[in-house]
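Chemist: Build me a model:
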Amino acid sequence: MPRHRFTQADVAVMAGVSQSTVSFVLNGNAPIGVRISEETRKRVLDAIHITGYSANPVAQRLAGGRNQILGVFTYEATFPRGGRDFYGAFLVGIEHAAEQLGVDMLLFTSARVVDGRRQLARDGWQRLGIADGCLLLGQHEDRGELQHLLDTNYPFVFIGKRVSEGRMLPYIGADYESATARQVERLIALGHTRIGYAGPQSSDQPTLDRVEGYRQAMRAHSLPLRFVDVHDVPGAAEEIAERRLTAILVAPENYPEELADALEQRGLRVPADVSMLLLGQPLHPRPGERRWSGFAVPREEMGARALVLLSRIVDQESRTPKSPEGRMKNAPVLDDADYHQMLDCPDIDGESLAPAPTTTEIKEGNIRDHA
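Modeler: This next block holds a predicted model:
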């Protein structure tokens with residue numbers, strides 16, 4: 001015979017109380033004017049322990065309560081084959097924060113990945129309702145879906161800086177702009193003036209911020225901008241040599257190892273002839289790869305901070321009525337600085353940064369004048 005699944009009513013009968021009293025004990029909050037004695041609370045908890053009763057979180061949510069479940073939705077495959085995952089460090093930070101907050105995490109994976117991207121549309125909206133709120137991660141999100149979540153007041157936080165109309169979209173981002181500008185300053189301090197940026201000028205937010213940091217720092221020193229396309233790596237190495245660049249900024253997804261190898265095949269040593277700074281460290285460095293100079297992205301901290309922010313948003317939504325007249329006293333109020341947090345990206349001292357070669361070295365050594 002299958003084991004009987006105990007219900008809240010069974011717990012109430014065993015404890016000798018009403019079912020509403022069991023609900024109040026479970027939720028930890030009784031209505032104003034209702035007092036539950038410690039003796040009654042103990043009888044209910046003992047009955048729960050004896051029966052092994054566990055509340056149905058979906059039913060709790062339908063009844064208007066919080067279920068202490070927060071979701072995670074990734075626009076790309078969460079665990080891609082080959083182990084070159086993008087999300088691992090974020091998930092580690094999320095898990096640590098969940099342990100501290102005492103919440104369970106639900107990973108939404110039912111939406112199929114089509115052309116490298118998932119969508120929340122169709123069944124996804126209903127599934128999100130299982131969780132009190134959701135963390136969103138992805139390099140190629142759907143802006144329309146984010147706006148829909150804002151319009152419907154569903155609690156969510158994006159991991160990574162994202163902008164929206166009215167600046168209402170909550171996010172925890174990495175300060176790529178300041179970190180990239182700082183790398184330019186590091187190069188200039190070592191005598192570099194012919195500094196290039198290797199990579200596409202695409203419309204995703206991390207690239208926009210990196211390029212803007214490069215532009216601002218170069219213009220602050222009245223230095224010309226030099227962009228190099230890395231779609232063709234050997235061609236990029238050829239261009240760097242022809243333009244006599246002594247330093248390159250490159251994001252980890254833009255083939256830094258391949259580019260360094262191509263430069264050295266042309267007789268240009270990294271970093272003696274060409275310094276290379278990575279705008280974010282490789283996610284999974286392979287044995288024998290260079291120890292790159294540049295900056296690191298605080299992925300674990302971003303994941304943890306995002307979950308804490310989401311928990312605060314959910315708490316504010318559940319404790320604060322929608323109408324201003326009914327707003328609770330002392331309810332937590334989040335301001336713009338809470339909703340839009342940018343974390344510093346620490347500098348990394350690796351082995352790919354060196355002082356600029358002298359003018360004589362540039363013209364007479366490996367970096368030749370092709371004018």
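
Chemist: which residue packs closest to Gln201, ignoring adjacent ones?
Modeler: Distances taken as CB to CB, 6 or more residues apart in numbering put Val211 closest to Gln201, at 5.7 Å, once the chain neighbours are dropped. No exception for glycine: its C-beta is placed from N, CA and C like everyone else's.

Chemist: again with Leu45
Modeler: Counting by CB to CB, 6+ apart, the residue nearest Leu45 is Val25, at 6.9 Å.

Chemist: Does that neighbour belong to a helix, a strand or coil?
Modeler: Using DSSP: H, G, I helix; E, B strand; the rest coil, the structure places Val25 in helix.

Chemist: What of Leu70?
Modeler: Relying on three-state DSSP, one would call Leu70 strand.

Chemist: Surely it is in contact with Ala98?
Modeler: Yes - with contacts counted by CB atoms under 8 Å, Leu70 reaches Ala98, the gap being 7.3 Å.

Chemist: if we can go back for a sec, quick one: contacts for the residue nearest to Gln201?
Modeler: Shown in contact with Val211 (CB atoms under 8 Å, 6 or more residues apart in numbering): Thr180, Tyr197, Gln201.

Chemist: Same question for Asp344.
Modeler: Counting by CB under 8 Å, 6+ apart, Asp344 has contacts Asp175, Ser178, Ala179, Pro298.

Chemist: Leu91 now?
Modeler: By CB under 8 Å, 6+ apart, the neighbours of Leu91 are Val72, Thr78, Gly303.

Chemist: and with 7 Å instead?
Modeler: Gly303 (CB atoms under 7 Å, 6 or more residues apart in numbering).

Chemist: Could you measure from it over to Glu239?
Modeler: 38 Å (CB to CB, to the nearest Å).

Chemist: pLDDT below threshold where in the stretch 201-350 of the chain?
Modeler: Along the stretch 201-350 of the chain, the model assigns pLDDT under 70 to residues 283-285, 319-332.

Chemist: Please, where are all the helices along it?
Modeler: For the stretch 201-350 of the chain, the helices defined by DSSP state H, counting those that start in this stretch cover 205-220, 233-242, 256-265, 299-319, 336-339.

Chemist: so which of those gets nearest Val17?
Modeler: Val17 sits nearest to helix 299-319 of all those, at 24.9 Å, using CB to CB.

Chemist: and the end-to-end length of stretch 227-240?
Modeler: This stretch, stretch 227-240, spans 10 Å end to end (CA to CA, to the nearest Å).
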